[in-house]
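[1] below are the sequence and a predicted model; questions follow.
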Amino acid sequence: MPRAPGLFAALSPELPAPTGLPRDRAAYLRLIDDVYQLDAYHSLSIEGYQVTAELVQRFPNLSVIDVDAVLKQVRATGDQVSKVVQVVFWFSFVRAALKKRSSPPDQDVQPELEPPPSVRQRTTSAG
């Protein structure tokens, strides 16, 4: 395991040295919480929602899903699948019609099966 950090340092000399664990863990957790709230505020504002800091603080784990946009996407996908099924149906229908039209009329009728020669000889000799 000691080789990996050395290799990482050799491949990336521009990166600063790791800072290690924070000394004041409570202050560090407050900083992370502040950054999280600010990030939530900005990402919701970018989407066009009116967001207040109070709203982000009251509901820190809230995820906003635009249900209308999701339903539109589901409908669009369903419409595309429906069109594909219709195209496959029509290709199958046209193929069957062309095959029926190009085949000789007697091809669909099952030919009469004649009995094997041994059975024919027995029936003619018996009669």
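    Sure thing, it's come through. The model shown is predicted, which means the values in this text are computed figures rather than measured ones.

[2] worst-scoring helix or strand of the chain, pLDDT-wise?
    Sorted by mean pLDDT, DSSP states H and E, the helices and strands of the chain end with helix 117-126, the least confident at a mean of 62.

[3] so which residues of the protein form helices?
    Applying DSSP state H to the chain gives helices spanning 3-11, 25-46, 53-58, 67-102, 117-126.

[4] what is the mean pLDDT for the longest one?
    Throughout helix 67-102, pLDDT has a mean value of 90.

[5] that helix packs against which elements?
    Helices and strands touching helix 67-102, by 3 or more CB pairs under 8 Å, 6 or more residues apart in numbering; DSSP states H and E: there are none. Where C-beta positions appear, they are placed from N, C-alpha and C, glycine not excepted.

[6] and residue 117, what does it touch?
    Contacts for residue 117 (CB atoms under 8 Å, 6 or more residues apart in numbering) come out as none.

[7] and for residue 89?
    Counting by CB under 8 Å, 6+ apart, residue 89 has no contacts.

[8] over to residue 22?
    Contacts of residue 22 by CB under 8 Å, 6+ apart are residue 28.

[9] now do it, the pLDDT please.
    80.

[10] from residue 82, how far off is it?
    Using CB to CB, to the nearest Å, residue 22 is found at 56 Å from residue 82.

[11] which parts of the chain belong to which domain?
    21-63, 65-101 (automatic domain parsing).

[12] tell me how many other residues crowd residue 76.
    By the criterion of other CB atoms under 10 Å, residue 76 has 10 neighbours.

[13] please disregard the earlier target; I meant residue 80.
    Neighbours of residue 80 using other CB under 10 Å come to 10.
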